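Peer 1: Predicted coordinates and the sequence they were generated for:
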Amino acid sequence: MINEVIKLVTPKNIEISFQEENYNDNMVVVRPTYLSICAADQRYYQGKRKKEVLDKKLPLTLIHEGVGRVIYDAKGEFKKNEKVVMIPNTPTEQDDIIKENYLRSSKFRSSSADGFMHSVVYMDRGRIIPIRDIDEEVGAFIELSSVAVNAIENFIKKSHKRKNVIGVWGCGNMGYITTLLLKSYFPDSKIVVVGTRMEKLNYFSFADEVKLITELEPDFMVDHAFECVGGIKSEDAIEQIIDHINPEGCISLMGVSEEPVDVNTRMVLEKGLTLLGNSRSGYEDFEKAVELEQDKQTQAYLKNIISEQIEINCLNDINEAFDRDLNNDFKTVMKWNL
């Protein structure tokens, strides 16, 4: 079957191409309806990745956050027009110890495999989940919620039981969603968000407290922390967390940095801290994220961080969406009409 796909050929240069798809009964054909732009997509689009990475991966179809409607399932397990979230991580093997999103052999859409900017997407049936009562514009970025679920579940397994105060550093999309879900997991814990801009921190109405990084009191302490900053600024965030975390606390690292960052290992050793790496998510994390987002109040909070919804009817609309996303504080969602 011939499919229309949209690829990033060179930075800021998107083209339509056609490719042959090999369909089998283990696949479900999905028409994307709402797609969400991630910072990782922006780094490819803007050419912010290293030259050797761009040379290796382009041309590439972008976007790994999205939902769609089922248009064909040969086995009839999914109903026609059923709303589903598409899971970008595609494992090629199973391991009794290592989760699918950490297996080096796994493929990830819009990175080591083409993303969701297609007319239709041929999904392995084990890589889609019905979203039921979740609005599609909110469902577009369930992937972010699944990443937060993965981090929180890892944190539960590897942190000690004292969770009186949990700090979240970062006031962007990842910090917002992680804080929201932490309140679901730990309703009796005090969740404090630490960020750089009060106008963004004001969105965190469900947090117990918000603080600017420049106004932390010397005696402010947390039992555990989540770093959701990313980039070179994650170095400052990690340093501040180490200063304000109690001994034997767990620091969950979630912010992606293109370059290595320095860590004060002396104080990590002295305090007996656990640094916990988190990246991406798997099927079970998506299942849990979909379950959590059935709650209407949770959906309402998530809808608050849709900075802009843009209708995509032509290639120029895609370019405009990526350009406008740079100026948006939170999520840019594309209503996919191509």
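Peer 2: Cool, the structure landed.

Peer 1: domain assignment for this protein?
Peer 2: Residue ranges for the domains of the chain, per automatic domain parsing: 2-140+305-336, 147-277.

Peer 1: Kindly state which of these is positioned closest to Glu287.
Peer 2: domain 2-140+305-336 (6.2 Å; Cβ to Cβ). Every residue, glycine included, has its C-beta placed from N, CA and C.

Peer 1: okay, how far is it across the closest one, tip to tip?
Peer 2: 19 Å (Cα to Cα, to the nearest Å).

Peer 1: swap in stretch 249-262?
Peer 2: Where stretch 249-262 begins and where it ends lie 19 Å apart, using Cα to Cα.

Peer 1: now stretch 215-227
Peer 2: 18 Å.

Peer 1: so is the residue nearest the centre of the chain in a helix, a strand, or just coil?
Peer 2: Closest residue to the average C-alpha location of the chain: Leu144 at 2.8 Å, with Cα atoms, centre = their mean. Using DSSP: H, G, I helix; E, B strand; the rest coil, the three-state assignment for Leu144 comes out as helix.

Peer 1: so it touches Met174, yeah?
Peer 2: Yes. The criterion here is Cβ atoms under 8 Å, and Leu144 meets it with Met174 at 6.6 Å.

Peer 1: ok, now which ones touch Glu15?
Peer 2: By Cβ atoms under 8 Å, 6 or more residues apart in numbering, the contact set of Glu15 is Ile6, Lys7, Val9, Pro59, Leu315.

Peer 1: Look at it and report its pLDDT.
Peer 2: Glu15 carries a pLDDT value of 96.

Peer 1: what's near enough to touch Ser112?
Peer 2: Contacts of Ser112 by Cβ under 8 Å, 6+ apart are Lys57.

Peer 1: let's number from 33 now, not from 1
Peer 2: Sounds good: first residue 33 from here, last item Ser144.

Peer 1: Neighbours of Asn35, how many?
Peer 2: 16 (other Cβ atoms under 10 Å).

Peer 1: In contact with Gly98, which residues are there?
Peer 2: Neighbours of Gly98 in contact, by Cβ under 8 Å, 6+ apart: Pro64, Tyr66, Leu67, Ser68, Val117, Met118, Phe148, Ala172, Glu175, Trp368.

Peer 1: Would you mind giving the secondary structure of the fifth one?
Peer 2: Read that as Val117. Applying three-state DSSP: Val117 is strand.

Peer 1: What residues of stretch 142-162 count as buried?
Peer 2: 142-143, 146-150, 152-155, 159-161 (16 or more other Cβ atoms under 10 Å).

Peer 1: Tabulate those (JSON lines), appending secondary structure.
Peer 2: Shown next, in JSON lines, are the buried residues of stretch 142-162 (three-state DSSP):
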{"residue": "Ser142", "secondary structure": "coil"}
{"residue": "Ser143", "secondary structure": "coil"}
{"residue": "Asp146", "secondary structure": "coil"}
{"residue": "Gly147", "secondary structure": "coil"}
{"residue": "Phe148", "secondary structure": "coil"}
{"residue": "Met149", "secondary structure": "coil"}
{"residue": "His150", "secondary structure": "strand"}
{"residue": "Val152", "secondary structure": "coil"}
{"residue": "Val153", "secondary structure": "strand"}
{"residue": "Tyr154", "secondary structure": "strand"}
{"residue": "Met155", "secondary structure": "strand"}
{"residue": "Arg159", "secondary structure": "helix"}
{"residue": "Ile160", "secondary structure": "strand"}
{"residue": "Ile161", "secondary structure": "strand"}
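
Peer 1: which one among these gets closest to Ile338?
Peer 2: Among the buried residues of stretch 142-162, and counting by Cβ to Cβ, the member closest to Ile338 is Phe148, at 17.8 Å.
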